[in-house]
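1. can't give you the sequence, but here's the structure:
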Ligand SMILES: C[S@@+](CC[C@H](N)C(=O)[O-])C[C@H]1O[C@@H](n2cnc3c(N)ncnc32)[C@H](O)[C@@H]1O
């Protein structure tokens with residue numbers, strides 16, 4: 001973490017102070033240590049003035065709080081079906097007219113046209129056919145040149161995939177995450193699907209420093225000819 005990024009994290013995490021010391025400390029740790037957040041923040045540089053960032057499954061809205069710190073001009077939309085998590089996000093961002101936090105199921109919500117979509121550690125709670133439906137819907141709301149950033153665990157990374165299934169299965173079982181199960185898919189399958197939707201897609205490992213099988217997918221809608 002470079003010095004400016006650490007300052008950004010401090011400022012964004014401070015928005016959670018009103019929720020107590022524990023919430024503030026947790027926000028700071030999560031914001032400072034997640035490489036996928038840094039990838040999304042880097043991508044903000046390509047979002048035009050006044051553009052729109054959507055995060056599906058935004059949880060406590062840590063990523064949106066970071067984005068708000070960096071780009072006050074953007075419209076930020078977060079969606080999560082867990083009202084307790086979203087309430088914390090509202091503590092941090094609730095008084096901002098350019099932020100909308102929807103308590104809703106991401107499978108059924110209507111979304112605006114968007115320049116950047118983030119969906120981090122969420123899709124694996126949905127059965128594969130529903131993941132396909134979500135990716136299809138997202139490909140349709142991306143503006144030309146718009147980017148979809150997905151982080152999720154892959155099915156075929158050996159013990160790392162097993163560790164992810166066990167850990168996420170436990171989280172669902174104890175109610176930490178609302179959801180019906182854990183459905184990992186092979187990286188190649190997701191990549192082919194994104195490309196089949198007309199997006200220019202690539203992947204990179206995103207599990208450094210963890211025992212998990214996380215992959216970052218980047219999928220961009222081509223500019224209009
Ligand atoms: C592991 S958390 C990740 C939170 C956030 N993306 C982050 O990186 O900090 C997964 C989130 O997805 C949300 N989620 C899972 N299935 C969902 C659905 N069908 N509709 C809306 N939110 C969902 C959960 O409530 C949870 O907040």
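-> Structure received. Just so it is clear, the model here is predicted, and its values are computed rather than measured. Numbers count the residues shown, from 1 in each chain.
2. which parts of the worst-scoring helix or strand of the chain on mean pLDDT are buried?
-> Least confident element among the helices and strands of the chain, by mean pLDDT, DSSP states H and E: helix 159-173 (a mean of 89). Neighbour counts over helix 159-173 (16 or more other CB atoms under 10 Å) mark 160, 161, 163, 164, 165, 168, 172 as buried. To be clear about C-beta, it is placed using only N, CA and C from the backbone, and glycine gets the same treatment.
3. go on, stretch 111-127?
-> By neighbour count on 16+ other CB under 10 Å, the buried set for stretch 111-127 is 111, 114-126.
4. and the ligand, which of those residues reach it?
-> 120, 121, 122, 125 (CB under 6 Å from any ligand atom).
5. can you tell me the closest non-neighbouring residue to the first one?
-> Looking back up the chat, that one is residue 120. Closest residue in space to residue 120, ignoring its immediate chain neighbours: residue 151 at 4.5 Å, by CB to CB, 6 or more residues apart in numbering.
6. any idea how many residues pack against the one you found?
-> Each residue near residue 151 was counted by other CB atoms under 10 Å, and the total is 22.
7. so who does it touch?
-> Counting by CB atoms under 8 Å, 6 or more residues apart in numbering, residue 151 touches 36, 119, 120, 121, 206, 214, 215, 216, 217.
8. list the pairing partners of the helix or strand where it lies within its sheet, with orientation.
-> Taking DSSP states H and E as the definition, residue 151 sits inside strand 142-153. Here strand 142-153 has these sheet partners by DSSP bridges: strand 114-120 (parallel), strand 214-220 (antiparallel).
9. buried by neighbour count: which residues of that strand qualify?
-> Neighbour-count burial for strand 142-153 [16+ other CB under 10 Å]: 142, 143, 146, 147, 148, 149, 150, 151, 152, 153.
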